[in-house]
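Novice: Got a predicted structure here, sequence first:
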Amino acid sequence: MPLSPTAKAQLQIHFCVLLWGFTAILGKMITLPALPLVWWRMLLVVAALAVLPTVWRGLRAMPLRTLLAYSGIGALVALHWLTFYGAVKLANASVAATCIALAPAFTSVIEPWLTRRPFSMRELAFGLAVLPGVALVVGGVPDGMRMGIAVGALSALLVAVFGSLNKHMVDGGDPLTVTGVELGAGTLLLTLLAPLMPMLFPAFAGDLLVIPSPHDGLLLLALSLVCTLLPFALSLVALRHLSAYAVQLVTNLEPVYAILLAIVLLGEQRELTPLFYLGVAIILVAVFLHPLLDRNKRVQHPEVIGISEAKGIVE
């Protein structure tokens with residue numbers, strides 16, 4: 001029997017989240033340092049979007065002030081991806097994915113401050129609920145991965161900042177155009193940062209002008225097209241038939257998929273202790289309880305999902 005639109009949309013969003021889960025895995029498999037890895041990913045996505053007439057029509061219709069605002073948000077997106085893949089390189093895919101699961105907790109504190117709305121005690125309690133899990137995660141990794149946790153937490157904080165800004169932009173735009181503007185601005189920022197990166201953070205630095213090896217090139221194409229643009233397009237369709245509550249529950253599975261994929265494909269369970277996985281469980285319980293507090297919220301800015309691996313799409 002044919003699937004109903006809702007059932008089809010649920011399968012589509014699960015498939016999207018599975019593809020987002022692969023982004024950390026591919027980041028670990030690609031041998032490039034974090035800076036050129038993110039630069040190539042953003043450049044390839046922007047190049048693919050640039051061939052679409054709808055992107056250019058949306059760009060011509062976008063007011064200059066809105067264009068500049070989205071460009072500023074794009075700079076934060078670039079720093080988010082840089083720190084996310086930096087965490088993958090400094091630790092591993094499981095640690096980076098777990099850190100990104102902290103983004104909703106950061107959002108519960110950051111968004112009221114940015115938008116000048118009253119703080120919600122429920123949201124603050126939710127944010128505090130993840131702290132025991134964080135402590136266990138830190139205690140469950142080797143000492144050499146602690147810097148990766150710190151960088152990954154910074155990446156989650158950046159998600160909270162730019163996700164909140166994206167959701168509360170007064171003048172929006174076509175989702176593909178917004179994504180193209182943000183990632184284009186992010187690519188430009190990374191290009192400007194490249195000469196300074198060996199002094200700012202040598203672990204992230206790398207030459208942008210070196211053509212990736214065939215191995216890295218294929219994985220970068222998969223990361224950019226299969227794990228970024230494909231789920232972006234599918235999710236825009238799926239969101240038409242799903243409630244924000246249903247979407248939030250599914251997208252919260254992303255770190256689960258990433259950690260399971262890391263175990264199967266990379267054998268990362270050999271690097272981590274049971275304390276780490278207990279901490280992950282506590283964090284995920286808190287994250288999954290959060291949508292229960294916000295069942296009446298709605299999806300307003302679907303363009304956010306194209307740039308933050310599904311975080312922060314509920315208004």
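Specialist: Cool, got the structure.
Novice: Chain neighbours aside, what residue packs nearest to Thr98?
Specialist: Val280 (5.3 Å; C-beta to C-beta, 6 or more residues apart in numbering). Placement of C-beta: from N, CA and C, glycine included.
Novice: Hmm, Val130 and that neighbour touching each other?
Specialist: No: counting by C-beta atoms under 8 Å, Val130 is not a contact partner of Val280; they are 10.6 Å apart.
Novice: Ranking helices and strands of the protein by mean pLDDT, which lands last?
Specialist: For the chain, using mean pLDDT, DSSP states H and E, the weakest element among its helices and strands is helix 244-251, scoring a mean of 69.
Novice: Check which element follows it along the chain.
Specialist: Moving toward the C-terminus from helix 244-251, the next helix or strand (DSSP states H and E) is helix 254-261.
Novice: Flag every buried residue along the helix or strand that comes right after that following helix.
Specialist: Downstream of helix 254-261, the next assigned helix or strand under DSSP H and E is helix 274-293. By neighbour count on 16 or more other C-beta atoms under 10 Å, the buried set for helix 274-293 is Phe276, Tyr277, Leu278, Gly279, Val280, Ile282, Ile283, Leu284, Ala286, Val287, His290, Pro291.
Novice: How about stretch 197-210?
Specialist: Across stretch 197-210, burial judged by 16+ other C-beta under 10 Å covers Met197, Phe201, Ala203, Phe204, Ala205, Gly206, Leu208.
Novice: which residues in the stretch 101-250 of the chain form helices?
Specialist: For the stretch 101-250 of the chain, the helices defined by DSSP state H, counting those that start in this stretch occupy 103-115, 121-129, 131-139, 146-167, 175-193, 197-200, 214-221, 230-238, 244-251.
Novice: And the furthest pair within the buried residues of stretch 197-210?
Specialist: Largest separation among these by C-beta to C-beta: Ala203 and Leu208, giving 16.1 Å.
Novice: For Asp174, what are phi and psi?
Specialist: phi -60, psi 130 (degrees, to the nearest 10).
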